[in-house]
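Asks: fold the stuff below for me.
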Amino acid sequence: MPLSRYTLPTLLLLSLLLFGGCARIIDVQSAYDPDIQFKHYQTFAWYQAEVPRQPVGVGPNFNPLLDMRIKEAIASELVKEGITPAISNPGLLVAYDIAVDPKLAPAAIGDDVGPGFAYGYSYWYGYRYRYDFSDIPDYKSIDKYSPGTLVIDLIDASTNELVWRSAATANLNPTQIEETRINVIVANIMSQYPPVPDSVY
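Replies: Residues are numbered from 1 along each chain as shown. Model (predicted):
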């Protein structure tokens, strides 16, 4: 039976409501150092990764394609803000992490990661975050976020201090490659940059 003229608008309205509902489930929260003039940052590079030392049989396996997709999405959003990649002397260093189920974590980390960072997908990637986060209000380590939360950190390259952090509670599965979903999550996170107070200077 063909759709009536009343049924089609109803279906379209339901679709829009469902889509809007899905978009809203990405809860984004940000924190930043209020003493930083973010407009001064013009270039970025990736926070240096060390050699991975993933515990055998523990945690999600490193996925180069997922890493590439997330980095591409972050870089795209930064470029939109006029912050371009730099081979040398970047203003910002970029790091990210994905909170994972604590049940997947090994019994102890030891000295493999810096203090305050704890268990996350990047622990198994081999990233060893050792930047200062003391100027970020209400900072919490990655294991304090719900599993599937994507966290993006911007670090001042000259001081090695975390200046901005934003996290999306979005149930991101680190074992899957969902390019469209990754782009949406990252876009939601990066929409918080630069912080609003700085943008009115």
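
Asks: now for this protein, the helix or strand with the poorest mean pLDDT.
Replies: Sorted by mean pLDDT, DSSP states H and E, the helices and strands of the chain end with helix 7-24, the least confident at a mean of 45.

Asks: who does the nearest residue in space to Ser146 that is not next to it in sequence bridge with?
Replies: Distances taken as CB to CB, 6 or more residues apart in numbering put Thr169 closest to Ser146, at 5.7 Å, once the chain neighbours are dropped. (Glycine included, C-beta is placed from N, CA and C.) Counting by DSSP bridges, Thr169 is bridged to Asp27, Thr149.

Asks: show me what contacts Thr169?
Replies: The contact partners of Thr169, taken as CB atoms under 8 Å, 6 or more residues apart in numbering, are 26-29, 145-146, 148-149.

Asks: now render the residues you listed as a markdown table, adding neighbour count and pLDDT.
Replies: Output for the contacts of Thr169, formatted as a markdown table (neighbours: other CB atoms under 10 Å; pLDDT from 0 to 100):
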| residue | neighbour count | pLDDT |
| --- | --- | --- |
| Ile26 | 18 | 83 |
| Asp27 | 12 | 93 |
| Val28 | 16 | 96 |
| Gln29 | 15 | 94 |
| Tyr145 | 20 | 92 |
| Ser146 | 12 | 92 |
| Gly148 | 18 | 92 |
| Thr149 | 22 | 95 |
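
Asks: Glu77: helix or strand, and which one exactly?
Replies: helix 64-80 (DSSP states H and E).

Asks: strands paired with the helix or strand just after that helix, and their directions?
Replies: Following helix 64-80 in sequence order, the next helix or strand is strand 84-85 (DSSP H and E). According to DSSP bridges, strand 84-85 forms sheet pairs with strand 43-46 (parallel).

Asks: hmm, back to that, any idea which of the contacts of Thr169 is closest to Asp156?
Replies: Of all the contacts of Thr169, Gln29 has the smallest distance to Asp156: 20.9 Å, by CB to CB.

Asks: can you tell me the SS state at the closest one?
Replies: strand (DSSP: H, G, I helix; E, B strand; the rest coil).

Asks: show me what the helix holding Glu77 packs onto, helices and strands only.
Replies: Judged by 3 or more CB pairs under 8 Å, 6 or more residues apart in numbering; DSSP states H and E, helix 64-80 is in contact with strand 43-46, strand 84-85, strand 92-98, helix 179-190.

Asks: quickly compare the ones you listed and say which is most buried.
Replies: strand 92-98 (a mean of 22; mean count of other CB atoms under 10 Å).

Asks: and that strand, C-alpha only, in PDB?
Replies: Taking C-alpha atoms only, strand 92-98 is exported to PDB below (Å, rounded to 0.1, in the frame of the first residue of the first chain):
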ATOM      1  CA  LEU A  92      50.600  22.300  20.400                       C
ATOM      2  CA  LEU A  93      51.100  18.600  20.900                       C
ATOM      3  CA  VAL A  94      48.100  16.400  20.500                       C
ATOM      4  CA  ALA A  95      47.300  13.200  22.400                       C
ATOM      5  CA  TYR A  96      44.200  11.100  22.700                       C
ATOM      6  CA  ASP A  97      43.000   8.100  24.700                       C
ATOM      7  CA  ILE A  98      40.000   5.800  24.900                       C
END
